[in-house]
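Engineer: Here is my input, please return the structure:
(2 chains)
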Amino acid sequence: MRIRISDLDFQYTKSAPLFSHVSLEIPLNSLVIVTGNSGSGKTTLLKLIAGLLEPVNGQISFDINGKNSNDIHFGYLFQNPDDQIVHFNIERELAFNLENRGIPSAEMRIRVEDTLREYNLTDRRNDSPNNLSGGEKQRLALAGMMISCPDILILDEPCSFLDIYAQIQLYRRISELRKQDVSVIWISQEIHEIRMADYVFELDRGAVTWNGKSGDYLKMTEDVYAE
Amino acid sequence: MLNDLMVNIRNLEYTFNQTSMFCLQIKNLEYSFNGVLGMYGLSGSGKTTFSKLLAGIIKPVSGLVSFLTNGQPTFPKIMYSPQFPEKILLGVHIGETVQQILSHNTMSTGVFDSICTYLDKFSLDFDVIKNKSGFELSGGELRRLAIALCLALSPELLILDEPTIGLGRRGKTQLYRVLEEFQQKHHIMIVSHDFNLIRKISGHYWILDRGSLIFSGDLQALEHRQDIVNRVGINALEHYLAATIKTEEQRTL
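Structural biologist: Coordinates of the predicted model:
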């Protein structure tokens, strides 16, 4: 159960190459944190994995219980929630994710109700996402991703706009999903989140500068965090 | 020398539209800016709305925001660095945007040099990014660019809405250093849902809850208001993490 990235090249048009000849294996069925300074390529790497960007060269393949890579269902939470909210109604926004997956309407109703309740959006079901604050929008985007039960969750700094209670709720949810062997790949620079992870990948200007268990990473960076 | 600046708020009210459930109401508030002001609240408490009203970006449904310097009415130069800089900078050509900003600010001198200096302090090189479009910059790079542009225009009051999102450890340290220097000559207000950030750089806090201002004071005063600390979850993360570590330890035993 792993993602194999071999000899990956990537660059945005006209820019200097971001990734050149990058090879790595990301273990699945675990919580993986991708960390590194701003501009190091974290978001780009995750978009390549999810198939939102095409590599210039190289291959990304998935070894998931013999599943074809086209059958893998990704849940992707963008840095900016506005990038993934498409409906003008909160309830419709949640249902849209299930409609796309051909979920029968009876089941859809139940799952939408449960999700509205879990993410504290029941009172606002008929409201427009445009009336939500930044943090509330991120909560809606997260709910929209979780409702379709993805095989691999990809979270790009999911807590950046979440307030303290929504953050704690996400940590609880992630810890439940880990017990169910759901794979989570998560961009974070927060020490307490790195502590929750199994593995850490650190990027610096398109190169992988650390790859290993989170406990070892924390030991290695103790001095940095001690500052 | 820092100018005296006071904000005076009277019966301020704001709603998005008739269907929206959100309503911001600030009855009466007088505050003399002194050091960095921090505004904290949970999602949907009205932080961004209140700061946009202060900056004059949106107009209240009713009520008044006015500023005074030495007791006299004034219209201070206020810059607001948005929560989502992507919305403004994403599709634009960086060099052309900077040119436009310069052409609108012909009265101020040294703005261009100042932009380059601030970018440099944030480890960004204008010569490298000037030919890029906003799409080619990362979230953290866009935020640092937006903040550098605000700083360079030298406002009397700088409002930073969630300034640390996407910055990472190095970016945060750079920002703290820059603000430390900037606050000597300018007033600053930081808006964030992260109380640890606010505590780090602000001396006076405004706390919002569901559209109302429920606290205005310093850390000492806040310590006497455990009801507020609990209501807005100021120590909630520490409690949660301590509890999880305890469970982990018990499991290992």
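Engineer: ok, residue A:168 - contacts?
Structural biologist: For residue A:168, the residues meeting the contact criterion (Cβ atoms under 8 Å, 6 or more residues apart in numbering or on different chains) are B:236, B:237, B:240. Where C-beta positions appear, they are placed from N, C-alpha and C, glycine not excepted.
Engineer: Cross-check the residues you listed against chain A and keep the overlap.
Structural biologist: Subset of the contacts of residue A:168 in contact with chain A: B:236, B:237, B:240, counting by Cβ under 8 Å from any Cβ of the partner chain.
Engineer: Any chance of the residues you listed in TSV with secondary structure as columns?
Structural biologist: Below are the ones next to chain A among the contacts of residue A:168 laid out as TSV (DSSP: H, G, I helix; E, B strand; the rest coil):
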residue	secondary structure
B:236	helix
B:237	helix
B:240	helix
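Engineer: could you flag which of those are buried?
Structural biologist: B:236, B:237, B:240 (16 or more other Cβ atoms under 10 Å in any protein chain shown).
Engineer: Surely the first one is in contact with residue A:169?
Structural biologist: No - contact between residue B:236 and residue A:169 fails when scored by Cβ atoms under 8 Å: they sit 10.8 Å apart.
Engineer: Please enumerate the shared neighbours of those two.
Structural biologist: Here residue B:236 and residue A:169 share no contacting residue, scored by Cβ under 8 Å, 6+ apart.
Engineer: Quick check, residue B:13 in contact with residue B:24.
Structural biologist: Yes - contact between residue B:13 and residue B:24 holds when scored by Cβ under 8 Å: they sit 6.9 Å apart.
Engineer: From the neighbour counts alone, determine which of the two ranks first.
Structural biologist: Ranked by neighbour count (other Cβ atoms under 10 Å in any protein chain shown), residue B:13 and residue B:24 place residue B:24 first, with 23 against 15.
Engineer: all helices for the chain, in order.
Structural biologist: This is for chain A. For chain A, the helices defined by DSSP state H occupy A:42-49, A:90-99, A:105-118, A:134-146, A:164-179, A:191-196, A:214-220, A:222-226.
Engineer: ah, no, chain B please
Structural biologist: Using DSSP H, helices in chain B cover B:47-55, B:86-89, B:94-104, B:111-121, B:126-129, B:139-152, B:168-182, B:195-201, B:219-223, B:226-231, B:236-252.
Engineer: which of those sits most buried?
Structural biologist: Scoring the helices of chain B by mean neighbour count under mean count of other Cβ atoms under 10 Å in any protein chain shown gives helix B:139-152 as the most buried, with a mean of 25.
Engineer: what packs against it?
Structural biologist: When contacts are defined as 3 or more Cβ pairs under 8 Å, 6 or more residues apart in numbering or on different chains; DSSP states H and E, helix B:139-152 sits against strand B:78-81, helix B:86-89, helix B:94-104, helix B:111-121, strand B:157-161, helix B:168-182.
Engineer: Any part of the longest one near chain A?
Structural biologist: The reference is to helix B:168-182. Yes - Helix B:168-182 lies within reach of chain A by Cβ under 8 Å from any Cβ, at B:168, B:169, B:170, B:171.
Engineer: my guess is the first one meets residue B:140, correct?
Structural biologist: Yes - under the criterion of Cβ under 8 Å, residue B:168 is in contact with residue B:140, at a separation of 6.2 Å.
Engineer: and residue 84, what does it touch?
Structural biologist: Going with chain A. With contacts defined as Cβ under 8 Å, 6+ apart, residue A:84 is in contact with A:76, A:77, A:78, A:141, A:144, A:145.
Engineer: let's do chain B instead
Structural biologist: By Cβ under 8 Å, 6+ apart, the contact set of residue B:84 is A:80, A:82, A:134.
Engineer: Recalculate using a threshold of 6 Å.
Structural biologist: Counting by Cβ atoms under 6 Å, 6 or more residues apart in numbering or on different chains, residue B:84 touches residue A:80.
Engineer: returning to what we had before: would you list the contacts of residue A:168 in a markdown table and tack on pLDDT?
Structural biologist: Converted to a markdown table, the contacts of residue A:168 look like this (pLDDT from 0 to 100):
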| residue | pLDDT |
| --- | --- |
| B:236 | 93 |
| B:237 | 91 |
| B:240 | 92 |
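Engineer: For chain A, what lies in contact range of chain B?
Structural biologist: Residues of chain A lying close to chain B (Cβ under 6 Å from any Cβ of the partner chain) are A:12, A:15, A:37-39, A:79-80, A:131, A:133-136, A:160, A:163-165, A:168, A:189, A:192.
Engineer: if we can go back for a sec, could the residues of helix B:168-182 next to chain A be laid out in CSV, adding pLDDT?
Structural biologist: Formatted as CSV, the residues of helix B:168-182 next to chain A follow (pLDDT from 0 to 100):
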residue, pLDDT
B:168, 83
B:169, 84
B:170, 87
B:171, 90
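Engineer: which among these gets closest to residue A:221?
Structural biologist: Closest to residue A:221 out of these is residue B:169 (9.6 Å), distances taken as Cβ to Cβ.
Engineer: which residues touch that closest one?
Structural biologist: Going by Cβ under 6 Å, 6+ apart, residue B:169 touches residue A:189.
Engineer: Tell me which residue lies nearest the centroid of chain B.
Structural biologist: Nearest residue to the geometric centre of chain B (Cα atoms, centre = their mean): residue B:160, 2.3 Å.
Engineer: what sits against that residue?
Structural biologist: Here residue B:160 is in contact with B:81, B:190 (Cβ under 6 Å, 6+ apart).
Engineer: Ramachandran angles for residue A:40?
Structural biologist: When read as degrees, to the nearest 10, the backbone of residue A:40 gives phi -80, psi -10.
Engineer: Quick one: residues contacting it.
Structural biologist: Applying Cβ under 6 Å, 6+ apart, we find residue A:40 in contact with A:203, A:204, A:205.
Engineer: Switch those residues over to a markdown table; also include neighbour count and pLDDT.
Structural biologist: Formatted as a markdown table, the contacts of residue A:40 follow (neighbours: other Cβ atoms under 10 Å in any protein chain shown; pLDDT from 0 to 100):
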| residue | neighbour count | pLDDT |
| --- | --- | --- |
| A:203 | 24 | 95 |
| A:204 | 13 | 94 |
| A:205 | 13 | 91 |
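Engineer: Out of the residues you listed, list just those in strands.
Structural biologist: Among these, the members found in strands (DSSP state E) are A:203, A:204.
Engineer: If we ignore the residues flanking it in sequence, what's nearest residue A:213?
Structural biologist: Leaving out its chain neighbours, the residue that sits closest to residue A:213 by Cβ to Cβ, 6 or more residues apart in numbering or on different chains is residue A:199, at 6.2 Å.
Engineer: beta partners of that neighbour?
Structural biologist: Beta-bridge partners for residue A:199, by DSSP bridges, are residue A:32, residue A:213.
Engineer: residues near the residue lying closest to residue B:42 once chain neighbours are set aside, how many?
Structural biologist: Computed as Cβ to Cβ, 6+ apart, the closest residue to residue B:42 that is not its neighbour in sequence is residue A:163, at 4.2 Å. Residue A:163: 26 surrounding residues under other Cβ under 10 Å.
Engineer: May I have the residues that are in contact with the residue in the stretch 51-200 of chain B that chain A sits nearest to?
Structural biologist: Residue of the stretch 51-200 of chain B nearest chain A, by Cβ to the nearest Cβ: residue B:140 (2.7 Å). Contact partners of residue B:140, counting by Cβ under 6 Å, 6+ apart, are A:38, B:166, B:167, B:171.
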